[in-house]
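Give me the fold of what follows.
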Amino acid sequence: MSNYSIQTITENYKMTAFGVTLEDYNDWAGNAAKTAAKKAEITENGKLAELLALADGQEYQINYIIDSKAWRGFGVRGAYDVEGTVVLDFLAGDYIVVPGTGAEKDRLADEITGKAFGGLLQEITDYKYVGPGNSTFVKAAEDGTFYGEMWLRATKVAG
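Model (predicted):
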């Protein structure tokens, strides 16, 4: 079984992010292109840097359900009033934490997401992912590689 842990967050929290609505969740290539275009836009126009400066500087890739549609964005932990962003609610409770390491910062969040949704969540039998969202962060490790974690809100399955 893949590596994961269960962590408890004791208080609800918010995340503020720029993002895109994904009309067809199964259009992997189209969604990746749409997401990459949004990331390039907010990086080039300085909006992401502006948001990071308001928070602790840690960027998150966020998947969420908004108005019954899949949504993916990039943002920070905390609630901030920045034009073009949405503020998302994350609830207190248990979270499945999926770690990962890699050499490429820009690919690691997607690799961890693939590991979680590509089989790990099906392997975990004592907890189930309940959403409404999840977030992944990536940061530099001391050895020059990158470390990241995906946090997915879950409930314990009665057994």
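
Next one: Ala53 from Ser135, what distance?
Per CB to CB, to the nearest Å, Ala53 is found 19 Å from Ser135. For glycine as for every other residue, the C-beta is placed from the backbone atoms N, C-alpha and C.

Please say which of those two ends up with more neighbours.
Set side by side, Ala53 and Ser135 show more neighbours around Ser135, with 23 against 11, by other CB atoms under 10 Å.

Excluding covalently adjacent residues, which one is nearest to Phe90?
Tyr13 (5.2 Å; CB to CB, 6 or more residues apart in numbering).

Geometrically speaking, which residue is the centre of this structure?
Centroid-nearest residue in the chain: Ser135, 2.2 Å away (criterion: CA atoms, centre = their mean).

partners of the helix or strand hosting that residue, with directions?
Using DSSP states H and E, Ser135 sits within strand 127-140. With DSSP bridges as the test, strand 127-140 is paired with strand 60-66 (antiparallel), strand 146-156 (antiparallel).

what number of residues lie near Thr145?
13.

Which residues does the lowest-mean-pLDDT helix or strand in the chain contact?
Least confident helix or strand, the chain: helix 105-115 with a mean of 89, by mean pLDDT, DSSP states H and E. For helix 105-115, the surrounding residues in contact (CB atoms under 8 Å, 6 or more residues apart in numbering) are 2, 32, 61, 63, 98-102, 136-138, 140, 146, 148-150.

coming back round to it: which one of the strands paired with strand 127-140 lies closest to Trp28?
Between Trp28 and the strands paired with strand 127-140, the tightest spacing by CB to CB is seen for strand 60-66, at 13.4 Å.

mind listing what's buried in that closest one?
Neighbour-count burial for strand 60-66, counted by 16 or more other CB atoms under 10 Å, picks out Tyr60, Gln61, Ile62, Asn63, Tyr64.

thinking again about what came up before, thought the residue nearest to the centre of the chain was touching Val98?
No. Assessed by CB atoms under 8 Å, Ser135 is found out of contact with Val98, at 11.3 Å.

Now for those two: what residues contact both?
By CB under 8 Å, 6+ apart, the residues touching both Ser135 and Val98 are Met150.

And the strands in the protein, which stretches?
Ranges of strands in the chain, per DSSP state E, are 5-9, 13-22, 60-66, 69-77, 86-90, 93-102, 127-140, 146-156.
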